[in-house]
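In: Just to be clear, the model below is a prediction. Sequence and coordinates:
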Amino acid sequence: MGVFWTGMKYVFTDFSCWTSTHGIPHIGMANAKWLRAFWVLVVLVNVGLFIWQFISLLDNYLSFSVNTETTLEFAERVFPTVTICHLNAWKLTESTTADKDLSDLVTAYNSYSTNSPFGLPSTLNEDRQQTAAKWTLMYSEKLKNLYYDNGEDIAYSYDDLVVSCTYNAKTCNQTDFVDYYNPTYGNCIQFNYAGEQSSSRAGPLYGLRMVIRTDQNTYLPWTEASGVIIDIHNDDETPYPDMLGYFAPPSTASSLGVSYVSTTRLSSPYGTCTTQKTLKTTHFTGNYSTESCFRSCMQDKIVSTCGCYYPAYSHASNTSQYVSCDDGTITSLQCVDTIISADSTVFDVLTECNCPQPCEQDSYSITVSTAQWPSNTYTPTECTPGSTATSQPWLTLSETCLEWYQQNTLLIEIYYERMNYQVLTESAAYTFVNFISDVGGQVGLFLGMSIISVIEFLVLIFLLCFYCATHKSRKEDFEKIEKDINHAKSEVDRVANRRKQNEIYDPSDISDEIIPPKPVDNT
């Protein structure tokens, strides 16, 4: 065992002679124990300081913090897609005539009956209005089929809504719009649905300008607000006006200034966004958006809990496996409401649905301002003498044309506020390259090490492993080395004793064997 440790000591001593790491050569070549202990202490203290700095740097790197860079760019922009919906989804007279369930709901709502199968409160309050609105959503799919498939005039078409329209100072008409169905607001109209219109100038003159009628005498009795709701989005994006829309009330001119914003986020591990571009589930297929994901997740929960699908959300085809919840029973409505309610205690959409924000997102920032419409001195085109307007409802309501316009029409202007737009980009605040550079600086400061030093330690490990694997086969060489070292020490002691006795010093008395032999090649 002594021979083994002698060889190990030789390997370490030899390493201290050629390593470039600071401190270790001082330990190996110290000629006094106190000096060696001093340098060992210095090296250990510096190793401790380096470890402390390394942990701090590693913690900073693993926090995966980000910087958000904001830049402004200027270029011609595609005009956004504009979805316009009437706040009253279905016409009162036409829809109640076409659908018995809705007719019964209107009758129950107006009668204040306490035995209503719809569960309506007996007093006219907010709960009564909201319950009726929930039933309307349950019937939305049936009403949709009556309008689109059977041609029943129960929703608002382009001709019902639009009085006049201009875009980029040029007249637009029905061919520039398409119908779009929304369960909450019935039939909506979309402008620039294919993203073909572009804008190179900012300001109301170069945007979309429309005069829209609301016809409040056609409203369902539980429709609280009058006017239209406007959703401004990309052409490949599913609109959700009930979540992201802007109201435009009658008797006002609503100006909506649009600013385009492009956002790029970092995915894991820096953030929780998703790079998913499309969403394909049992109930929804289309471009990915957080709201689409939430609604699809809630629809799955409704199907599994209630045994039917909610007609107001995207759903699979009505089959024996998937049936609608519009069976007219209060139980189905209550079951759906316990899941989609904002204060639901049985389903938390934020924790139970994995719906992160998209990493790349194009959105629009909207600035809304309003003014009176029309002014007291302005005469709308349809109110001019000799007007050939096909619809003149004010004649049957004992109102003047201007009075009817002030109560039932509105003006909207949608335009780019400015052509420059924001680009928000996330970048890593502390990258792996920064981490390696800082670690290299700290290890150089405290230990004087470099990449070469790391390689030297790898070589040391290799030499130790090689020595441990071959020391038995080289035992005789190490024993001879130890014998020669001991013999040299004896000769030195003998000469020292003779000199102490004042004997004549003769160099020939010292055997040549005291000269340390050359070390055995340990490689």
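Out: Noted; the coordinates are in hand.

In: next one: stretch 363-381 to chain centre, how far?
Out: Centroid separation between stretch 363-381 and its chain, computed with Cα atoms, centre = their mean, to the nearest Å, is 35 Å.

In: what does that stretch contact?
Out: Applying Cβ atoms under 8 Å, 6 or more residues apart in numbering, the external contacts of stretch 363-381 come out as 80, 163-164, 211, 232-233, 246, 249, 251-261, 263, 387, 389, 401-402, 405-406, 409-411, 417. In short, each C-beta sits where N, CA and C put it, glycine included.

In: 6 Å instead?
Out: Here stretch 363-381 makes contact (Cβ atoms under 6 Å, 6 or more residues apart in numbering) with 80, 232, 246, 252-259, 261, 405, 411.

In: Report whether the expected contact of Gln190 with Thr83 is present.
Out: Yes. Look at Gln190 against Thr83 with Cβ atoms under 6 Å: they come within range, at 5.0 Å.

In: in the stretch 151-300 of the chain, which spans are helices?
Out: Ranges of helices in the stretch 151-300 of the chain, per DSSP state H, counting those that start in this stretch, are 158-161, 241-244, 290-306.

In: Counting by contacts, list what the strand or helix carrying Leu445 packs against.
Out: Element membership of Leu445, judged by DSSP states H and E, is helix 432-447. With contacts taken as 3 or more Cβ pairs under 6 Å, 6 or more residues apart in numbering; DSSP states H and E, helix 432-447 sits against helix 33-62.

In: Could you spell out the sheet neighbours of the following helix or strand past the helix it packs on, each with its direction?
Out: Per DSSP H and E, helix 33-62 leads on to strand 66-74 as the next helix or strand towards the C-terminus. Strand 66-74 pairs in its sheet with strand 420-428 (antiparallel), by DSSP bridges.

In: between the helix or strand where Val454 lies and helix 432-447, how many degrees?
Out: In this structure, Val454 sits in helix 451-470 according to DSSP H and E. Put simply, helix 451-470 runs at 70 degrees to helix 432-447, going by axes from the mean of the first three to the mean of the last three Cα atoms, to 10 degrees.

In: Let me see the mean pLDDT of helix 451-470.
Out: Helix 451-470 carries an average pLDDT of 77.

In: cool, stretch 489-498 as well?
Out: The average pLDDT within stretch 489-498 is 74.

In: still on that earlier bit, so which bits of the helix holding Val454 are buried?
Out: 453, 456, 460, 463, 467 (16 or more other Cβ atoms under 10 Å).

In: Looking at the helices of the stretch 151-300 of the chain, spot the one closest to Asn318.
Out: Of all the helices of the stretch 151-300 of the chain, helix 290-306 sits nearest to Asn318, with 12.1 Å by Cβ to Cβ.

In: about what we covered before: which of Gln190 and Thr83 has more neighbours?
Out: Thr83 (26 against 20; other Cβ atoms under 10 Å).

In: does the more buried one sit in a helix or strand, and which one?
Out: Thr83 is part of strand 81-86, with elements assigned from DSSP H and E.

In: where does this protein have low pLDDT?
Out: Low-confidence segments of the chain, defined by pLDDT under 70, span residues 1-12, 113-115, 385-399, 471-479, 481-482, 485, 499-523.

In: contacting residues for the most centrally placed residue in it?
Out: Geometric centre of the chain, nearest residue: Gln357, 2.7 Å, by Cα atoms, centre = their mean. Counting by Cβ under 6 Å, 6+ apart, Gln357 touches 273, 290.

In: Check the one 3 residues further on too.
Out: Residues in contact with Glu360 (Cβ under 6 Å, 6+ apart) are Thr264.

In: Single out the most deeply packed of the helices of the stretch 151-300 of the chain.
Out: The highest average neighbour count among the helices of the stretch 151-300 of the chain, using mean count of other Cβ atoms under 10 Å, belongs to helix 290-306 at a mean of 19.

In: Can you name the residues in contact with it?
Out: 238, 240, 243, 279, 281, 283-284, 309-310, 313, 315, 335-336, 339-340, 347, 349, 353, 355, 357.

In: Now, those residues that are in strands?
Out: Secondary structure from DSSP state E places Leu279 of the contacts of helix 290-306 in strands.

In: Only whichever of the contacts of helix 290-306 are buried, select them in PyMOL.
Out: Selection of buried members from the contacts of helix 290-306 for PyMOL, criterion 16+ other Cβ under 10 Å:
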select buried, resi 238+240+279+281+283+284+309+310+313+315+335+336+339+340+347+349+353+355
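
In: What is the neighbour count of the residue nearest to Gly444 when sequence neighbours are not counted?
Out: Closest residue to Gly444 apart from its sequence neighbours, by Cβ to Cβ, 6 or more residues apart in numbering: Ser450 at 6.6 Å. One way to gauge burial is a neighbour count; for Ser450, by other Cβ under 10 Å, it gives 14.

In: any idea how far Met243 is from Thr21?
Out: Look at Met243 and Thr21: by Cβ to Cβ, to the nearest Å, they are 63 Å apart.

In: picking that back up, who are the neighbours of the strand holding Thr83, in terms of helices and strands?
Out: If you count contacts as 3+ Cβ pairs under 6 Å, 6+ apart, strand 81-86 packs onto strand 186-191, strand 228-233.

In: partners of the first one in the sheet?
Out: Going back to what we said before, that points to strand 186-191. strand 81-86 (antiparallel), strand 177-182 (antiparallel).

In: Mind putting those strands into a markdown table with distance to Tyr219?
Out: As requested, these are exported to a markdown table (distance: least, Cβ to Cβ, whole Å):
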| stretch | distance to Tyr219 |
| --- | --- |
| strand 81-86 | 9 |
| strand 177-182 | 17 |
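
In: Tell me which of those strands sits most buried.
Out: Sorting these by mean neighbours (by mean count of other Cβ under 10 Å), the first place falls to strand 81-86, with a mean of 26.

In: So for it, could I get the coordinates as CSV, restricted to C-alpha?
Out: Coordinates of each C-alpha in strand 81-86 appear next as CSV, following Å, rounded to 0.1, in the frame of the first residue of the first chain:
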residue,chain,number,x,y,z
THR,A,81,-61.4,42.6,-41.3
VAL,A,82,-64.4,44.4,-39.7
THR,A,83,-67.3,42.3,-38.3
ILE,A,84,-70.4,44.3,-37.6
CYS,A,85,-73.3,42.8,-35.6
HIS,A,86,-76.7,44.1,-34.5
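
In: Chain neighbours aside, what residue packs nearest to Tyr246?
Out: Once flanking residues are discounted, Tyr246 sits nearest to Ile230: 5.0 Å by Cβ to Cβ, 6+ apart.

In: Same question for Tyr147.
Out: Ala155 (4.7 Å).

In: Tell me who's in contact with the one you found.
Out: 147, 186-187.

In: can you do 7 Å?
Out: 90-91, 147, 186-187 (Cβ atoms under 7 Å, 6 or more residues apart in numbering).

In: For Val106, see how far away it is.
Out: Counting by Cβ to Cβ, the gap from Ala155 to Val106 is 16 Å.

In: same question, Ala37
Out: For Ala37, the distance to Val106 - Cβ to Cβ - is 97 Å.

In: What is the burial count for the closest residue to Tyr112 other than its chain neighbours?
Out: Once flanking residues are discounted, Tyr112 sits nearest to Ser122: 5.8 Å by Cβ to Cβ, 6+ apart. Residues lying near Ser122 (other Cβ under 10 Å) number 11.

In: what's the answer for Asp438, then?
Out: Other residues lying near Asp438 total 18 when counted by other Cβ under 10 Å.

In: for it, what are its contacts?
Out: Leu57.
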